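Colleague: any chance you can model this:
(one chain, ligands or ions: 1)
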Amino acid sequence: MDRSVRTYHARGGRSQPRAKRAITELLPQYGVEPSGPKLDLAHLFNPPLPVVIEVGTGMGEVTALMAAESPDVGLIAIEVHTPGVGRLLRRIDNQNLTNVRIVHGDAIQFLNERVPEGSLSGFRSFFPDPWPKKKHHKRRLISPPLVQLIASRLATGAFLHVATDWSDYAEQMISVIEADPSLHVEFVGSQDCPLWRPQTRFETKGIAKGHTIVDIVAYKK
Ligand SMILES: C[S@@+](CC[C@H](N)C(=O)[O-])C[C@H]1O[C@@H](n2cnc3c(N)ncnc32)[C@H](O)[C@@H]1O
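Modeller: Got it, this is the predicted structure:
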């Protein structure tokens, strides 16, 4: 993927003292650098765990719930937004969650540099930024180059789970994932998704606007 294309919104330099304090105090314990050599992902956890990546964890409420629900899975949460990283750090520290690591930075850089091929048990991204204007579609996370990158990092049998409330983005997600020869689409729909997830903040906003939610689940062949 063209690294000059950002998939996230540039945000103003508003002071975020609470988040910055959480990052200073807790990121050394729970954080993983977005840049550097390839990692042995399983050994980021003690005991070593199979690893799932979630990109765009927002304020982290769903991430913490899913981590608490699956203590036998190591979750790597990736988010650029400083207040969201601060909130998730506080959640995992307060709840003594030992199976979460946080990357405060760009997921594309992390996937490219630090995640070995075939190393992930799963990848999820819920309600990635929709970039509704046509001229911004190139910023969408679930695009051919990124899906190719994600697919290369998934182990055989690993899952890819994405959701959106934007119908044209859902169509793009389906066609891009179906076009990848290494992936098999198992589920597309608004109900009875085979993989559990809690309702997210952006999903709640989408529902309030009358949007239809679409979940897509695929597996690495
Ligand atoms: C629309 S929000 C959704 C948040 C949450 N998943 C939810 O459903 O409430 C998308 C999030 O993805 C993050 N994001 C977008 N591109 C990213 C990237 N390349 N690396 C890390 N985070 C990214 C944004 O900062 C934003 O917080």
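Colleague: what comes up buried for the host helix or strand of residue 216?
Modeller: If you go by DSSP states H and E, residue 216 is part of strand 214-220. Neighbour counts using 16 or more other Cβ atoms under 10 Å place 214-220 of strand 214-220 among the buried residues. For the C-beta atoms, the positions are set from N, CA and C on the backbone; glycine is no exception.
Colleague: quick one: the helices in this protein?
Modeller: For the chain, applying DSSP state H gives helices covering 17-30, 61-69, 82-94, 107-114, 144-153, 167-179, 201-208.
Colleague: redo those as JSON lines? Include distance to the ligand.
Modeller: Shown next, in JSON lines, are these (distance: least, Cβ to the nearest ligand atom, whole Å):
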{"stretch": "helix 17-30", "distance to the ligand": "13"}
{"stretch": "helix 61-69", "distance to the ligand": "7"}
{"stretch": "helix 82-94", "distance to the ligand": "6"}
{"stretch": "helix 107-114", "distance to the ligand": "3"}
{"stretch": "helix 144-153", "distance to the ligand": "9"}
{"stretch": "helix 167-179", "distance to the ligand": "11"}
{"stretch": "helix 201-208", "distance to the ligand": "4"}
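Colleague: kindly reformat these as a markdown table and extend each row with mean pLDDT.
Modeller: Shown next, in a markdown table, are those (pLDDT from 0 to 100):
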| stretch | mean pLDDT |
| --- | --- |
| helix 17-30 | 95 |
| helix 61-69 | 98 |
| helix 82-94 | 96 |
| helix 107-114 | 98 |
| helix 144-153 | 97 |
| helix 167-179 | 98 |
| helix 201-208 | 98 |
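Colleague: possible to save those as a markdown table with mean neighbour count?
Modeller: Shown next, in a markdown table, are the helices of the chain (neighbours: other Cβ atoms under 10 Å):
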| stretch | mean neighbour count |
| --- | --- |
| helix 17-30 | 15 |
| helix 61-69 | 20 |
| helix 82-94 | 21 |
| helix 107-114 | 20 |
| helix 144-153 | 19 |
| helix 167-179 | 17 |
| helix 201-208 | 15 |
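Colleague: one step back: helices or strands next to the strand holding residue 216 in the packing?
Modeller: strand 154-164, helix 167-179, strand 183-189 (3 or more Cβ pairs under 8 Å, 6 or more residues apart in numbering; DSSP states H and E).
Colleague: next up, the contacts around the most centrally placed residue in the chain.
Modeller: Nearest residue to the geometric centre of the chain (Cα atoms, centre = their mean): residue 55, 1.7 Å. Residue 55 makes contacts with 78-79, 107, 123-125, 128, 141, as judged by Cβ atoms under 8 Å, 6 or more residues apart in numbering.
Colleague: which one of those residues sits closest to the ligand?
Modeller: Within those, the smallest distance to the ligand is 3.5 Å, found for residue 107 (Cβ to the nearest ligand atom).
Colleague: and the residue nearest to the centre of the chain, bridged to which residues?
Modeller: With DSSP bridges as the criterion, residue 55 is bridged to residue 78.
Colleague: follow-up on the earlier one: export the helices and strands packed on strand 214-220 as JSON lines, with columns for distance to residue 89.
Modeller: What follows is the helices and strands packed on strand 214-220, written out as JSON lines (distance: least, Cβ to Cβ, whole Å):
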{"stretch": "strand 154-164", "distance to residue 89": "24"}
{"stretch": "helix 167-179", "distance to residue 89": "29"}
{"stretch": "strand 183-189", "distance to residue 89": "32"}
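Colleague: if anything else comes up later, I'll come back, but that's it for now.
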